[in-house]
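In: I'd like to go over a predicted model; first the sequence, then the structure.
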Amino acid sequence: MSKVEQRLRDAGFEVPAAQPSIANYVAALEVAGMLYVSGQLPIAGGEVRYRGRVGIDLDIEQGKLAAQLCALNILGQAKMALGDLDRIARCVRLGGFVSCDANFHEQPAVVNGGSDRRGTRRGGTSHARRRRKQRTTFECSGGSRCDFRAEVNGRIHAFRAAPGLTGFNGE
């Protein structure tokens, strides 16, 4: 088990297995030492756990939990792509999309659910972030409606060599 996974486990979290892509794209792609992780949904056990819009169907705390699950799914994708989460030097950027009511303006608080998991793993936040209000639902493959609440994507700098350099793993 990696040091990152142990730190998460000590805080009460588990890195889930990577979820398969729901459309024609790759979930994670490493290029020149950067790992680009596609948007992750609040999926656990093969199903979307949080549906609806924040401010209508969900409150801020539920939104934060959804963003937290998205961030854990980012780590699941990173583990699958890198083989070992201790290869992560740092999270460079998190992007969050929040499905919400037009009058809801607390998107940063919701996306904090994903950023806070970074803080649990490293002891503080040190990444850039983008958040965006999303007022629409999306069409999934097969024409079914995906009425999910949050999506978080990430850019992660990964060590090419074996772990041991000072960085995300806290050494």
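Out: That came through fine. Residues are numbered from 1 along each chain as shown.

In: what's the longest strand anywhere in the chain packed up against?
Out: In the chain, with assignment by DSSP state E, the single longest strand is strand 88-99. If you count contacts as 3 or more CB pairs under 8 Å, 6 or more residues apart in numbering; DSSP states H and E, strand 88-99 packs onto strand 34-40, helix 60-82, helix 107-122, strand 128-134, strand 150-158. The way it works is simple: take the backbone N, C-alpha and C, and place the C-beta from them, glycine included.

In: Pick out the shakiest of the ones you listed, pLDDT-wise.
Out: For the helices and strands packed on strand 88-99, mean pLDDT drops lowest on strand 128-134, to a mean of 51.

In: Now do the same contact list for the residue lying closest to residue 40 once chain neighbours are set aside.
Out: Spatial nearest neighbour of residue 40, chain neighbours left out: residue 73 (3.8 Å); criterion: CB to CB, 6 or more residues apart in numbering. Taking CB atoms under 8 Å, 6 or more residues apart in numbering, we find residue 73 in contact with 16, 18-19, 40-43.

In: Sounds good, over and out.
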